[in-house]
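[1] Provided below are the primary sequence and the corresponding predicted coordinates.
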Amino acid sequence: MALLEVENLSVGFSTANGMFRAVDSLDVHVDAGDILAIVGESGSGKSVSMLALMGLLPWVANVTADRMVFNGVNMLELTAAARRDIIGREITMIFQEPMSSLNPCFTVGFQIKEALAAHLSLTRKQRHNRAIELLEQVGLPEPEKRLRAFPHQLSGGMNQRVMIAMAIACQPLLLIADEPTTALDVTIQAQILELLMQLQRDTGMALILITHDMGVVAETAQRVSVQYAGQKVEEQSVHQLFANPHHPYTDALLAALPERASGRLLPSIPGVVPGQFDRPRGCLFSPRCEKADSVCTNQSPPVSGSDLGLARCHYPIRHDA
Amino acid sequence: MSNADSIDAAPRPNRFQEFWYYFRENRGAVVGLVIFISFLIVALLADIIAPHSPTHQFREHLLQPPAWQDGGSMQFLLGTDPLGRDMLSRLIHGARYSFFIGLVVVTLAVSGGVITGLIAGFAGGWIDTLIMRLMDIVLAFPSLLLALVMVAILGPSLENAMIAIAIVLQPHYVRLTRASVLSELPKDYVTSARVAGASIPRLMFVTVLPNCLPPIIVQAALSFSSAILDAAALGFLGLGAQPPTPEWGTMLSEAREFILRAWWVVTLPGVAILVTVLAINLMGDGLRDALDPKLKRS
Amino acid sequence: MSGFLLKRILTFVPTFIGVSIITFMFIRILPGDPIILMAGERGMTDERYAKLMAQFGYDRHVLVQYWDYLTGIFRGDLGISFKTKKPVWDEFFTLFPATVELSLCAMFFAVFLGIPAGIVAAVNRGKWPDQALMSTALIGYSMPIFWWALLLIIFFSGMLGWTPVSGRISLLYYFPADTGFMLIDSFRSGQKGAFASAVHHLVLPTIVLGTIPLAVIARQTRSAMLEVLGEDYVRTARAKGLKPMRINGLHALRNAMIPVITVIGLSVGTLLAGAILTETIFSWPGIGKWMVQAIESRDYPSVQGGLMLIALIIMIVNLIVDLLYGLINPKIRRN
């Protein structure tokens, strides 16, 4: 049985100028122990879709889906209390800005123990010990001392480790990491990613990693889902994706990687992700696609079969010999 | 290679349209605007609308109750005051005074305060420190008290009351402008204007000031209502507009001893003040919500 | 933290000097000679004039007078009231407790109603509790408070007869004013009904004086809460599956309180301004009423001294608020 099944998820925000579709007909499928990477530029809706799943979107958001089932539970019809039971215990999430994601008024230890107290019945002493254990697990030296520190006294990397500690405190089945390393130094990035992978191996939890960095994807994921302007445009296993991308966008993303550059100039994708006011009529990528023709600009592309990576394209790239 | 013709776009709204959308959403703000404009029209057309002269005393009709009570008549819809003057006409003319007060005070406070704030922000150094210390000193006094003492020195009159209130309100604009200027100055667009050779006055008024306007506009709306309230308070204490001027606060000072005998003399001017100030505050709230980018939905 | 403290105290000094200069100058800006003004219409002989000039020190050089004035503040000597011929300092501090008592009651009223109101409004953003509470708050600070006082008097004292119209306590009671705080003194006097009478007299003035701070605190709490509720760490708290009561009451509130406490502290200025009007209407024997009377009767030493002392008190309160702010805000405290 799949751990997480989401079908046809759409998220709209009502704004001054009508409804803005941040996420459009998205499908997500994750099995237990999977590592799925969701890749896309800013504005692709990758964070919004996961926030919608967790129920963390602000009041102006309108979330609809045909199916949203986690571990057999229908997330669409949950009472608030039932949802609070699952969120933070079976599904947890860590965010991009560790410095602002922790409450500046309380110590790090307080915030970790709070996560424990909310979902597990442990005594005070047990919580304290478990908190120390968690900080050791995430690689923070001198955990006893760290418990009494305030977030602004710790560095970005250490704060992110604390966030991860909070997220694994109740041994979740699924951890969603929303660009966990984007705001950190490059050297720390590698450490945090390594930590996440280690924890995934040790605990067997599923991991959804949201990122815009293809390099990170290559090192960590089993499967990759590529998103553009709120839609999923391709999904494949990581090896297949890198070897045989089927959607022009994926192809362009890979071509832009410095490691793959052959000439003197790095190929880049001209144009920008469409916002609210310049949404194309047909394929959303058509204004920036080299191969777009009148079919592309006028009709929404269909989703191809899984042999073509579920590419949302009229002319998916084929790699037959 | 971009295919621009595939774009099926709704035109991007300009700043005013966007502002108006958010403002319109706030029903209270729109109601406030409507009331404000109605009162403005009443104030402008006071001479035409008012049934009687605001200062004429009808000696046979002293302290007459409003039309709907016993002893009232349609001639004096809202009754008369202890000197026999028609309440309705006095209230209508009072609107004129209130708007005048609000306009003058806000103009004085904003122009003085914004220019001083710009200077403080741009000059920096000891000029800045001096100006801010001066503002601290003004702010060390409760505003009404300072206005009171100033009026006591200058002599009780409406003009002096307006000047005093404007002085007391100024520091808010100085601080606001200076804070905005300080946060805008390091930004790239200012640097590029400077590099392009813009003169200091041009930098101040054309480049930086327009971006500092939103909080100033909101504060101006609130100052308008503060001015009316403070002028009324001064009038009430006998130090603002002098009788027989039909300023709403002054009307209340003359009415105090009649609280229990003639409720309309006491209640109505206060209602007029309340409705006007409420309308302005509603508009001010709507302005703030519409202009504050953080509160925007998109 | 100590650097912050020091800096803050240092800015106090020039402001204080500036305030003293301004209050000193107020009398000297006036047209007319203060001695002649004091004499009124009777006029005076030249010898008496010279004698009074010397007595009040007005014959000395301006700077000497200023220095005397400045040091007088520390000595507790702010001159003699023209009207009562008693020292201004004594007059002020005799009446001061009445204003403090009223202001404290008004502040409690405003805080204990305002903060919960703001929280409820923020948490129910856009729904009817929010709109109802905020509309009420808006009306609260759009009203001229002297009119509000008159209305309340008409209704509660005039029509219902529930509350008295003026004064601090019924004239039936007399006891020594040990502390100057009617609530304390009446309680300790042990006289039957004295305390109740004191409370009775406090009700309307407290409501009147506290209305505007109440409205401001409610609005401020609401907007601080809304801002905090949009922060990342609140999202994290939700992601942990915590109960809303805990998120709002603990995580959000603790951070929202920081700007609200500043607002509360700065309301002191508003309270003193409001006290002027409230005390005048309710014949409350505090410094607000005293200042108005001094201004009206041209009792310049009282005006000058009163102004100085009021400004000084406000500056001290602002200083304390700033220091408290430094203490509460963990980012400043722990560095």
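    Ah, there it is. Numbers count the residues shown, from 1 in each chain, chains lettered A, B, ... in the order given.
[2] low-scoring stretches of chain A, by residue?
    A:1, A:16, A:320-321 (pLDDT under 70).
[3] quick check: which element contains residue A:63?
    Taking DSSP states H and E as the definition, one finds residue A:63 inside strand A:61-64.
[4] so what strands line up beside that strand?
    strand A:4-15 (antiparallel) (DSSP bridges).
[5] next structured bit after the strand it pairs with?
    strand A:18-30.
[6] thinking again about what came up before, could you dump the strand holding residue A:63 to CSV, C-alpha only?
    Output of strand A:61-64 as CSV, limited to C-alpha atoms (Å, rounded to 0.1, in the frame of the first residue of the first chain):
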residue,chain,number,x,y,z
ALA,A,61,-5.8,29.5,0.1
ASN,A,62,-8.3,27.2,-1.6
VAL,A,63,-7.3,23.6,-1.6
THR,A,64,-9.0,20.9,-3.7
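[7] for that strand, buried residues please.
    A:61, A:63 (16 or more other C-beta atoms under 10 Å in any protein chain shown). C-beta: built from backbone N, CA, C; applies to glycine.
[8] show me the contact partners of it.
    Strand A:61-64 has contacts (C-beta atoms under 8 Å, 6 or more residues apart in numbering or on different chains) with A:8, A:9, A:10, A:11, A:12, A:13, A:14, A:19, A:22, A:48, A:52, A:57.
[9] after that strand, which helix or strand is next?
    strand A:67-70.
[10] all helices of the stretch 1-150 of chain C, in order?
    C:2-29, C:34-39, C:46-56, C:62-75, C:88-123, C:128-142, C:145-152 (DSSP state H, counting those that start in this stretch).
[11] try the stretch 101-250 of chain A
    A:108-119, A:124-137, A:143-147, A:156-168, A:186-203, A:214-220, A:238-243, A:248-255.
[12] which one of these lies closest to residue B:65?
    helix A:108-119 (65.0 Å; C-beta to C-beta).
[13] okay, the closest residue to residue C:193 other than its chain neighbours: pLDDT?
    Using C-beta to C-beta, 6 or more residues apart in numbering or on different chains and skipping the chain neighbours, the partner closest in space to residue C:193 is residue C:173 (7.6 Å). Residue C:173 carries a pLDDT value of 73.
[14] ditto for residue B:195
    88.
[15] what is the nearest of the contacts of strand A:61-64 to chain C?
    residue A:57 (9.7 Å; C-beta to the nearest C-beta).
[16] quick check, central residue of the chain?
    The chain I'm using is chain A. residue A:210 (2.7 Å; C-alpha atoms, centre = their mean).
[17] that answer is for a different chain, and I need it for chain B
    So for chain B, C-alpha atoms, centre = their mean, it's residue B:224, sitting 0.6 Å from the centre.
[18] out of everything not next to it in sequence, what's closest to that residue?
    Spatial nearest neighbour of residue B:224, excluding adjacent residues (C-beta to C-beta, 6+ apart): residue B:102 at 4.2 Å.
[19] wait, doesn't the one you found sit right on residue B:221?
    No. Using C-beta atoms under 8 Å, residue B:102 makes no contact with residue B:221, being 9.8 Å away.
[20] any residues in contact with both of those two?
    Counting by C-beta under 8 Å, 6+ apart, the contacts common to residue B:102 and residue B:221 are residue B:280.
[21] quick one on the thing from earlier: reformat the contacts of strand A:61-64 as a markdown table; add neighbour count.
    As requested, the contacts of strand A:61-64 are exported to a markdown table (neighbours: other C-beta atoms under 10 Å in any protein chain shown):
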| residue | neighbour count |
| --- | --- |
| A:8 | 13 |
| A:9 | 24 |
| A:10 | 20 |
| A:11 | 22 |
| A:12 | 18 |
| A:13 | 18 |
| A:14 | 13 |
| A:19 | 11 |
| A:22 | 24 |
| A:48 | 21 |
| A:52 | 25 |
| A:57 | 18 |
